[in-house]
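K.L.:
my questions concern the predicted model and sequence given below.
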Amino acid sequence: MGHDHPHDHDRQHDHDHQHDHHHGHDHDHDHDHDGSALSEVALRVRALESLLVEKGYVDPAALDALIETYETKVGPRNGARVVARAWSDPAFHAWLMQDATAAIASLGYTGRQGEHMVAVENRPGRHNMVVCTLCSCYPWSVLGLPPVWYKAAPYRSRAVIEPRSVLAEFGVTLPDETEITVWDSTAEIRYLVIPERPSGTEGWSEDRLADLVTRDSMIGTGLALPADAHPEAAA
């Protein structure tokens with residue numbers, strides 16, 4: 001089966017999208033399938049969490065804060081470093097676009113849910129989004145925990161059918177002439193969006209560049225932050 005499953009929304013308006021996709025999704029992978037009953041493991045985790053909360057060993061608010069931190073800060077920081085390296089190192093950029101799995105692994109980010117990676121790059125006139133229409137395949141090693149909305153049925157269906165509307169709901173409005181390609185993750189492959197580098201960042205260090213890379217910009221539902229949004233911009 002072919003690994004690339006893009007939906008090009010400014011050249012294919014018939015919206016039938018060949019929606020069987022031929023993903024080879026035999027579902028022998030252990031992902032959540034939203035809308036179905038909780039798995040045995042999920043039920044056990046929920047029961048254990050409830051017990052710990054009941055006994056007073058765990059503060060629910062603290063647990064939520066920990067999960068939020070991993071979803072939005074710690075986990076995505078890995079991907080931000082990958083993007084920052086690609087922005088500042090042409091040789092790494094070329095390697096990333098040719099063999100993302102190896103390039104990302106060279107920075108130490110590999111493992112479960114990130115074994116087979118493909119990088120897709122935003123550029124003027126082309127914007128990429130990532131979805132998993134059948135479950136919630138997500139590159140944990142570079143983006144951390146998947147956000148709740150990524151796993152939700154509305155995003156999984158609407159991202160393919162009406163990506164511009166979905167992007168608008170995330171606060172992203174693109175020029176009419178920009179082509180939007182939606183990449184459908186599978187059990188075999190995960191995608192990482194390389195957002196456009198913000199103007200005014202020439203000569204910046206990789207660490208400083210990484211501060212501009214958000215989780216959503218690496219999914220394609222957001223853009224990298226502008227240079228003047230950096231805490232050191234006024235310095």
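P.N.:
Happy to help now that I have it. None of these values were measured; they are calculated from a predicted model.
K.L.:
helix, strand, or coil at the nearest residue to L223 once chain neighbours are set aside?
P.N.:
Sequence neighbours aside, S217 is the residue nearest to L223 in space, at 5.5 Å (criterion: Cβ to Cβ, 6 or more residues apart in numbering). Glycine gets a C-beta too; all of them are placed from N, C-alpha and C. State at S217, reduced to three classes by DSSP: H, G, I helix; E, B strand; the rest coil: helix.
K.L.:
how close does S217 sit to R164?
P.N.:
As for S217, its distance to R164 is 17 Å (criterion: Cβ to Cβ, to the nearest Å).
K.L.:
which one of the two has more residues nearby?
P.N.:
Summary of the neighbour comparison: S217 and R164, criterion other Cβ atoms under 10 Å, with S217 having more neighbours (23 against 16).
K.L.:
buried ones in the helix or strand that V118 is a member of, by neighbour count?
P.N.:
In this structure, V118 is located in strand 117-121 according to DSSP states H and E. Applying a neighbour-count criterion of 16 or more other Cβ atoms under 10 Å, one finds 117-121 buried in strand 117-121.
K.L.:
show me the strands in the protein, by range?
P.N.:
Counting by DSSP state E, the chain forms strands over residues 6-8, 117-121, 126-131, 179-184, 190-194, given from the N-terminal end onward.
K.L.:
got the angle for the third one vs strand 117-121?
P.N.:
Same thing as strand 126-131. Strand 126-131 and strand 117-121 are oriented at 150 degrees to each other (axes from the mean of the first three to the mean of the last three Cα atoms, to 10 degrees).
K.L.:
again, but for the fourth one
P.N.:
Angular relation of strand 179-184 and strand 117-121 on a 0 to 180 degree scale: 170 degrees, by the same axes, to 10 degrees.
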